[in-house]
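**Student:** task: produce atomic coordinates for the following.
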Amino acid sequence: MSTPPSPRLRIGFLLTPRFTLSAFATFVDVLRLAADDGDGSRPIRCSWKVLSHDMAPVQSSCGMRLEPDERMGDVSQYDYIVVVGGLIDGGPGLTPEQIAFLRRAAEAKVHLGGLCTGVFALARIGLMDGYRCCVSWFHHEDFLAEFEKMRPVSDQIFVVDRDRISCPGGVSAAHLAAFLVDRHIGRAAARKSLSILIIDEAMSADRPQPGLPLELSARDPLVRRALLAMQQNLHSPLPIARIARDLGVGRRKLERHFNADLGIPPADAAIRIRLAQARMLLSRTDRTVTRIAEETGFCDASHLIRVFREAEGTTPDLWRQQPQAEDEAAPMPM
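**Tutor:** So this is what the prediction gives:
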């Protein structure tokens, strides 16, 4: 009997306490389906192991526990070491043994990755310094608060920067795994995995994250990414020129895309996003108009009142006193 070929893609996983089961399982299922012919699930073309220093089960954020496969050892056995995170305050984080293992892997030029908040764990030990990393829009501000000198990418579904990979979890984990399968095994294997998982097609890294619900329904990916940047900087709105620069385009090009897709310029879209957030805070909280103005990037209460009156025909305080239909208070999805 002939010896089976060595896997072309070898991945080791480190699970943090309260890790997100869906991100891990989705990523692994793409590998599993690409690894064998048919639905055999044999680790032939690629292999995957959950690694541990003590072999103790790890509890996920949903409460289910997962048993590791083997102890951490020779880092050269793997092409990628992927840290799977979950709840930011889920517990002690990486152990000293896991940290030492990751640093050995980095020194050996093994690719490192973070799923969900796994990139937080890598950043905390300095292994994302100088790299771009992908963070969920939901945790964008959390990341900035903890890592002031780093600028996370929160308008894409995953990021590959040299020997670092990262994604915010959820379905993006499938697309990042498919990217690796495509790179190491082939496009046919990647397409097969996604098709079996009932995912229409592989998405490129720069596909925008869904983000918060918006009353603006944008189809243009560039416009959607710009809208996400506006959402993520409500407290201190970015100049339109800065958003365009961050997206790698000129201001005029960004304005042309907005006018073609939404029929309004970016500056108007930014105001509408901030007004939508102000309406939500007015209808669902008892915060003062001054506080809401601060949280939504207006200069002061007078500025918010003036802009609000132009849009709604009344002041924020009077609007708050009127009965609001539930679907009026909540923005429409993108």
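**Student:** how does the chain divide into domains?
**Tutor:** Per automatic domain parsing, the structural domains of the chain span 9-196, 213-334.
**Student:** wait, doesn't residue 127 sit right on residue 102?
**Tutor:** Yes. Between residue 127 and residue 102 a contact is recorded at 6.2 Å, counting by CB atoms under 8 Å. C-betas here are computed from N, CA, C, even on glycine.
**Student:** shared neighbours of those two, anything?
**Tutor:** Taking CB atoms under 8 Å, 6 or more residues apart in numbering as the contact definition, residue 127 and residue 102 share the neighbouring residues residue 112.
**Student:** and the helix ranked longest in the chain, what does it pack against?
**Tutor:** Assignment by DSSP state H gives helix 266-284 as the longest helix of the chain. Packing contacts for helix 266-284, counted by 3 or more CB pairs under 8 Å, 6 or more residues apart in numbering; DSSP states H and E, involve helix 221-231, helix 240-246, helix 251-261, helix 289-295, helix 301-312, helix 316-321, helix 326-329.
**Student:** JSON lines for those helices, including distance to residue 145 and mean neighbour count?
**Tutor:** Putting the helices and strands packed on helix 266-284 into JSON lines (distance: least, CB to CB, whole Å; neighbours: other CB atoms under 10 Å) gives the following:
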{"stretch": "helix 221-231", "distance to residue 145": "17", "mean neighbour count": "23"}
{"stretch": "helix 240-246", "distance to residue 145": "19", "mean neighbour count": "17"}
{"stretch": "helix 251-261", "distance to residue 145": "28", "mean neighbour count": "16"}
{"stretch": "helix 289-295", "distance to residue 145": "15", "mean neighbour count": "18"}
{"stretch": "helix 301-312", "distance to residue 145": "25", "mean neighbour count": "16"}
{"stretch": "helix 316-321", "distance to residue 145": "28", "mean neighbour count": "16"}
{"stretch": "helix 326-329", "distance to residue 145": "28", "mean neighbour count": "10"}
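**Student:** with distance to residue 37 as added columns, please give those in CSV.
**Tutor:** What follows is the helices and strands packed on helix 266-284, written out as CSV (distance: least, CB to CB, whole Å):
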stretch, distance to residue 37
helix 221-231, 35
helix 240-246, 44
helix 251-261, 43
helix 289-295, 55
helix 301-312, 59
helix 316-321, 62
helix 326-329, 50
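**Student:** need the strands for the stretch 1-150 of the chain, in chain order.
**Tutor:** In the stretch 1-150 of the chain, the strands defined using DSSP state E, counting those that start in this stretch lie at 9-15, 46-52, 58-59, 65-66, 70-71, 80-84, 111-115.
**Student:** got those strands as CSV, with mean neighbour count columns?
**Tutor:** Shown next, in CSV, are the strands of the stretch 1-150 of the chain (neighbours: other CB atoms under 10 Å):
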stretch, mean neighbour count
strand 9-15, 24
strand 46-52, 20
strand 58-59, 19
strand 65-66, 14
strand 70-71, 12
strand 80-84, 26
strand 111-115, 26
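**Student:** can those go into a markdown table with extra columns for mean pLDDT?
**Tutor:** As requested, the strands of the stretch 1-150 of the chain are exported to a markdown table (pLDDT from 0 to 100):
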| stretch | mean pLDDT |
| --- | --- |
| strand 9-15 | 98 |
| strand 46-52 | 97 |
| strand 58-59 | 96 |
| strand 65-66 | 97 |
| strand 70-71 | 97 |
| strand 80-84 | 98 |
| strand 111-115 | 98 |
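**Student:** where in the stretch 1-150 of the chain is pLDDT low?
**Tutor:** For the stretch 1-150 of the chain, the stretches with pLDDT under 70 are 1-4, 90-91.
**Student:** try 90
**Tutor:** 1-6, 37-41, 87-93, 137-145, 148-150 (pLDDT under 90).
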